[in-house]
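Student: Sequence and predicted structure are below.
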Amino acid sequence: MADRKPLKDVRNVGIIAHIDAGKTTTTERILYYTGKSHKIGEVHDGQATMDWMEQEQERGITITSAATTCFWRDHHINIIDTPGHVDFTIEVERSLKVLDGAVTVFSSSDGVQPQTETVWRQADKYKVPRMCFINKIDKIGADFDMCVTSIQNRLSNKGVAIQFPNGQSSEFKGIVNLIDMKYYTFEGDNGEKQVQHDIPAELVEDATMRREELIDAISVFDDELAMAFLEGEEISEDQIKKALRAGVVKNEIYPIMVGSALRNAGVQLMLDACVDFLPSPLDIGAVKGTDINDETKILTREPDPKAPAAALAFKVMTDPYVGTLTFVRVYSGTIKSGDQLLNPITGQKERVWRLLLMHSNKREEIDDISAGHIAAFLGLKDTQTGHTLCDPDQPILLESMDFPDPVIELAVEPASKKDQEKMGLALGKLMKEDPSFRAYSNEESGQTVIAGMGELHLEIIIDRLKREYKVEVTTGKPQVAYRETISSTAEGEGVFKRQTGGRGQFGHCLVRLESILGQKDEEGNPINYEFVDEIKGGVIPREFIPAVNKGVQETMAQGILAGYPIIGIKAAVYDGSYHDVDSSEIAFKIAAYKAFKEAFAKANPSLLEPIMDVEITTPEDYVGDVMGDVSSRRGMIQGQEARGQATVIKAKIPLSEMFGYATDLRSATQGRASYAMNFGSYEKVPAGVAADIIKERAGKVKGLDDE
């Protein structure tokens, strides 16, 4: 690969944040200062390099994560700019899975926002070391210390400032760096000239105090520094950098920086910090996987170009010019164009026809890619997001990814017969690209239903169908993805007996259901289903137990109350009987359905609806109106706080009541309020509302014995 750097000089960095914190603007500056682009593209002009999709340029938001490669201080930096909108959270999830470090961007007037908390939790899940960049320090209402406090209170008490601004809002003049105790200003047309000065006299006392706080926080990572600090000795810049790097690599401290990407201030210092503090692939160490023949056997692969190849596909994208691009993080070994790799998930071998270094939607062809790097593979047929690619002679299965279930559905119909086939192919490609998007055919209505993470998510999908795939579609009203569950333990018996002249059918089983709603596995993911075999004495032969399990799962998938999937259930088969000749798998599958249905009816079944965590930022004048509107939507106010000149209201509101909320909120507050929402949890639907839903869906549930 051209410009190959030693692994210690490689950084894989993600830019993550709440929507509109300035991630893409920050990335544009990084590309400019590293010489990757010769002019700065602005998001507000629709000219940002990293926002290359038409939909991104029109809306001024990032929809899909974009990867690029650049060089700074002789280090190779692979950067992924991720979306901030909750509907595209899967893009953040799969990027963090393969990154070694992240820069979390904050808006200086808002501090920690709802989606900031979401991306921070995602980074915690994958144990990604990160730094904080407080952006827009020149914005009206900017408050550096408020941001630092909100990071420490709401995200982690391990956040520590390594810089602070000289002035805020329109008074912003420059940045004090506490590591080298110098003051920086940024000159030239695009801030490319970083000028170092002595710290202004009026800021020296504040800088000294803040530097002591920094040294105190990092002293636990370096005994020499701790001793020197206790004995009142002068601490050098190198000592601070060494201790800070040790803390960041361990994911136990988060340096906080400041600047204004739009004003071209502070981005070079942030790039320096990426190089100085974020880990290289060597710091992260070996990746773990399992033996493809024995999932209990743990295997490791060192980040070594000479080791057997192991890589993870984290994104699939359809390019209109070259076909399917598969973005891959290589953890070990070296992969050359033309190499054949094993996909242990499918069991198939895949040939890598071409290797591409990506720069947003532009491509640079390379001959090979080695451990620690990110590239796009061209020519893979069956590899999907989360799949492993490895050396066929020394296979390994790397840990895959979890994808969230959609919370909103929409019926779509092709505008004409010729669009029918095109729509099916297009939806298949979109599902391959985006694992949080689903499309399926509704058997009762014959309609095609698409499901996603929110209204904007589905709006973008429809837009892409029309523009990229030239498929004209009409859409129905958005539908909420309700769920069904139980709240008590109950037992049911199912018998399926049929004589048809020759050999008959016979299956008989007793099933006990109990609720496990709210229970989570070791990684914090909800457990939606558990199956237990309690059969003793062979009353049901072993070979029919999987059929009982399958019958239960199929029943749960199609629902009983109103045809919505059932979640949060532990099912135990504990008794039954069989016939030597007539028993079969299909008979036990249908018996399991009957037993499940009987037990479900006795176990206090109920409907569940997705409840969203909503955070509304509004001027004080409209607080009463906003809170009244929340209550009218069956919302529960969780609290409110002042943030700068605005009031932030936190509430839990059912998703079914949130359709069209953006328009209603704008008209109620003269366009001055905004909101953000995340999926919170599934909660019980009130009896009156549930009765209406069940009535509307009556006759839409089909049992196994109806088939």
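Tutor: Everything's here; your move.

Student: Okay, and Asn153 sits in which element?
Tutor: Taking DSSP states H and E as the criterion, Asn153 maps to helix 144-154.

Student: for the following helix or strand past that helix, packing partners?
Tutor: Moving toward the C-terminus from helix 144-154, the next helix or strand (DSSP H and E) is strand 159-161. Where contact means 3 or more C-beta pairs under 8 Å, 6 or more residues apart in numbering; DSSP states H and E, strand 159-161 is packed against helix 144-154, helix 201-218, strand 254-258. Backbone N, C-alpha and C define where each C-beta goes, glycine included.

Student: from the chain's centre, how far out does the first one sit?
Tutor: What that stands for is helix 144-154. Mean C-alpha position of helix 144-154 versus that of the full chain (C-alpha atoms, centre = their mean, to the nearest Å) differs by 24 Å.

Student: cool, the last one as well?
Tutor: Mean-position distance between strand 254-258 and its chain equals 23 Å (C-alpha atoms, centre = their mean).

Student: Who are the packing partners of it?
Tutor: Using 3+ C-beta pairs under 8 Å, 6+ apart, strand 254-258 sits against strand 130-135, helix 144-154, strand 159-161, strand 163-166, helix 237-249, helix 267-277.

Student: What residues of the lengthiest strand in the chain count as buried?
Tutor: Scanning the chain for the longest strand, with DSSP state E as the assignment, gives strand 606-619. Within strand 606-619, the residues that count as buried by 16 or more other C-beta atoms under 10 Å are 606-618.

Student: Show me the one of the helices and strands packed on strand 254-258 that comes nearest Gly476.
Tutor: helix 144-154 (39.1 Å; C-beta to C-beta).

Student: packing partners for that closest one?
Tutor: Using 3+ C-beta pairs under 8 Å, 6+ apart, helix 144-154 sits against strand 130-135, strand 159-161, strand 254-258.

Student: Read off the pLDDT value for the closest residue to Gln479 other than its chain neighbours.
Tutor: Nearest in space to Gln479, with sequence neighbours left out and distances taken as C-beta to C-beta, 6 or more residues apart in numbering, is Glu409 at 4.3 Å. On pLDDT, Glu409 comes in at 83.

Student: what about the most centrally placed residue in the chain, which helix or strand?
Tutor: In the chain, the centroid-proximal residue (C-alpha atoms, centre = their mean) is Glu93; its distance is 2.8 Å. In this structure, Glu93 sits in helix 89-98 according to DSSP H and E.

Student: and after that helix, which helix or strand comes next?
Tutor: strand 101-107.

Student: Which residues does that next one contact?
Tutor: Residues outside strand 101-107 that contact it (C-beta atoms under 8 Å, 6 or more residues apart in numbering): 11-18, 20-23, 26, 96, 112-113, 116, 119-120, 123, 128-136, 139, 147, 151, 248, 254, 270, 274, 278-279.

Student: buried subset of the residues you listed?
Tutor: Burial of the contacts of strand 101-107 was assessed by neighbour count (16+ other C-beta under 10 Å); the buried members are 11-18, 20-23, 26, 96, 112-113, 116, 119-120, 123, 128-136, 139, 147, 151, 248, 254, 270, 274, 278-279.

Student: Report how many residues lie close to the residue nearest to Gln479.
Tutor: 21 (other C-beta atoms under 10 Å).

Student: now the helices and strands packed on strand 254-258 in a markdown table, with distance to Gly174?
Tutor: Converted to a markdown table, those look like this (distance: least, C-beta to C-beta, whole Å):
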| stretch | distance to Gly174 |
| --- | --- |
| strand 130-135 | 15 |
| helix 144-154 | 13 |
| strand 159-161 | 15 |
| strand 163-166 | 5 |
| helix 237-249 | 19 |
| helix 267-277 | 11 |
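
Student: Mind checking the ones you listed for the one nearest to Thr669?
Tutor: Ranked by C-beta to C-beta, the member of the helices and strands packed on strand 254-258 that lies closest to Thr669 is helix 144-154, at 22.8 Å.

Student: Need the mean per-residue confidence for that closest one.
Tutor: 94.

Student: Give the buried residues for that helix.
Tutor: Neighbour count says helix 144-154 has 144, 146-148, 150-152 buried, by 16+ other C-beta under 10 Å.

Student: And stretch 323-340, end to end?
Tutor: 19 Å (C-alpha to C-alpha, to the nearest Å).

Student: How about it, which residues are buried there?
Tutor: Buried residues in stretch 323-340, counted by 16+ other C-beta under 10 Å: 324-335, 337, 339.

Student: nearest to Glu399, of these?
Tutor: Closest to Glu399, out of all of these and judged by C-beta to C-beta, is Tyr331, at 11.0 Å.

Student: So what's the gap between the helix or strand where that closest one lies and the chain middle?
Tutor: Assigned by DSSP H and E, Tyr331 falls within strand 323-332. How far strand 323-332 lies from its chain's middle: 18 Å, per C-alpha atoms, centre = their mean.

Student: just checking, what packs against that strand?
Tutor: With contacts taken as 3+ C-beta pairs under 8 Å, 6+ apart, strand 323-332 sits against strand 310-319, strand 354-359, strand 368-370, strand 374-378.

Student: Tell me which of the helices and strands packed on helix 144-154 lies nearest to Leu517.
Tutor: Closest of the helices and strands packed on helix 144-154 to Leu517 is strand 130-135, at 33.0 Å (criterion: C-beta to C-beta).

Student: Please name the strands paired to the closest one in the sheet, noting orientation.
Tutor: strand 101-107 (parallel), strand 254-258 (parallel) (DSSP bridges).

Student: quick one: average pLDDT of stretch 219-234?
Tutor: 91.

Student: Using CSV, write out every CA atom in it.
Tutor: Extracted in CSV, the C-alpha atoms of stretch 219-234 (Å, rounded to 0.1, in the frame of the first residue of the first chain):
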residue,chain,number,x,y,z
SER,A,219,-1.0,11.2,38.0
VAL,A,220,-2.6,7.8,38.6
PHE,A,221,-1.2,6.6,35.2
ASP,A,222,2.4,7.5,35.8
ASP,A,223,4.3,6.9,39.1
GLU,A,224,7.2,9.2,38.2
LEU,A,225,4.8,12.1,37.4
ALA,A,226,2.8,11.4,40.6
MET,A,227,6.0,11.6,42.7
ALA,A,228,7.2,14.8,41.0
PHE,A,229,3.8,16.4,41.5
LEU,A,230,3.7,15.5,45.2
GLU,A,231,7.2,16.9,45.7
GLY,A,232,6.3,20.2,43.9
GLU,A,233,8.7,19.6,41.0
GLU,A,234,8.2,21.1,37.6
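
Student: still on that earlier bit, comparing the helices and strands packed on strand 323-332, which yields the minimum mean pLDDT?
Tutor: Among the helices and strands packed on strand 323-332, strand 354-359 has the lowest mean pLDDT, at a mean of 82.

Student: after that strand comes which helix or strand?
Tutor: By DSSP H and E, the next helix or strand past strand 354-359 is strand 362-366.

Student: Poorly predicted segments of this protein, please.
Tutor: Flagging of the chain using pLDDT under 70 yields the residue ranges 1-4, 36-66, 84-87, 320, 359-362, 442-446, 501-502, 699-707.

Student: coming back round to it: out of the helices and strands packed on strand 254-258, which is closest to Phe600?
Tutor: helix 144-154 (40.8 Å).

Student: Next, the distance between the ends of stretch 252-261.
Tutor: 27 Å.

Student: what packs against the helix holding Glu93?
Tutor: strand 10-17, helix 114-125, strand 310-319.

Student: Report the distance from the first one to the chain centre.
Tutor: Here the centre of mass of C-alpha atoms in strand 10-17, compared against the chain's by C-alpha atoms, centre = their mean, lies 14 Å away.
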